[in-house]
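1. Curious how this folds, go ahead:
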Amino acid sequence: MKLYIKNPKFAYKKIVSRYVLVDIRDEDQIHRLNPIASDIWEMCDGKHTVDEMVKIMSKRYSDVPLNLKDDIVVFVNKMLKSDIIKEI
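-> Numbering: from 1, shown residues only. So this is what the prediction gives:
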């Protein structure tokens with residue numbers, strides 16, 4: 001059971017209807033998140049597994065892709081590689 005936490009070196013802000021992550025060590029490192037990616041980021045709180053994220057997202061959004069779990073895994077792995085989140 002893998003759990004993830006946010007890297008505190010990233011600031012998270014909502015600007016109008018967009019969400020951004022800014023690496024406070026390098027303010028040129030800006031990651032734009034759509035609402036679904038933002039929800040996944042928020043669930044990286046050390047309490048949610050990928051399977052739990054899938055359940056929550058399936059209830060929250062009416063039109064989820066059949067490969068939602070794969071999409072979440074890909075996004076989580078990208079965030080891990082970019083040091084945006086950490087596995088605990």
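2. any idea how far Arg25 is from Leu33?
-> 19 Å (Cβ to Cβ, to the nearest Å). C-beta coordinates here come from the backbone N, C-alpha and C atoms, glycine included.
3. who's more crowded, those two?
-> Leu33 (19 against 10; other Cβ atoms under 10 Å).
4. Just confirm that one contacts Val22, I think it does.
-> No - Leu33 is not in contact with Val22 according to Cβ atoms under 8 Å; the separation is 11.3 Å.
5. hey, where'd the strands end up in this protein?
-> With DSSP state E, the ranges of strands along the chain come out as 4-6, 10-15, 18-23, 30-33, 85-87.
6. At the geometric centre of this structure, which residue do we find?
-> In the chain, the centroid-proximal residue (Cα atoms, centre = their mean) is Trp41; its distance is 2.5 Å.
7. From Val73, how far out is that one?
-> 15 Å.
8. Please apply the same query to Ile30.
-> 24 Å.
9. and Asp71, how many neighbours does it have?
-> Count around Asp71 with other Cβ under 10 Å applied: 17.
10. Please save the CA atoms from the longest helix belonging to the chain in PDB.
-> Across the chain, the helix with the greatest residue count (assigned by DSSP state H) is helix 68-81. What follows is helix 68-81, C-alpha atoms only, in PDB (Å, rounded to 0.1, in the frame of the first residue of the first chain):
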ATOM      1  CA  LEU A  68      -8.600   6.100 -14.800                       C
ATOM      2  CA  LYS A  69      -6.300   4.100 -12.500                       C
ATOM      3  CA  ASP A  70      -3.600   4.000 -15.200                       C
ATOM      4  CA  ASP A  71      -4.000   7.700 -15.700                       C
ATOM      5  CA  ILE A  72      -3.600   8.400 -12.000                       C
ATOM      6  CA  VAL A  73      -0.600   6.100 -11.800                       C
ATOM      7  CA  VAL A  74       1.100   7.800 -14.700                       C
ATOM      8  CA  PHE A  75       0.500  11.300 -13.200                       C
ATOM      9  CA  VAL A  76       1.700  10.100  -9.700                       C
ATOM     10  CA  ASN A  77       4.800   8.700 -11.300                       C
ATOM     11  CA  LYS A  78       5.500  12.000 -13.100                       C
ATOM     12  CA  MET A  79       5.100  13.900  -9.800                       C
ATOM     13  CA  LEU A  80       7.500  11.500  -8.100                       C
ATOM     14  CA  LYS A  81      10.100  11.900 -10.900                       C
END
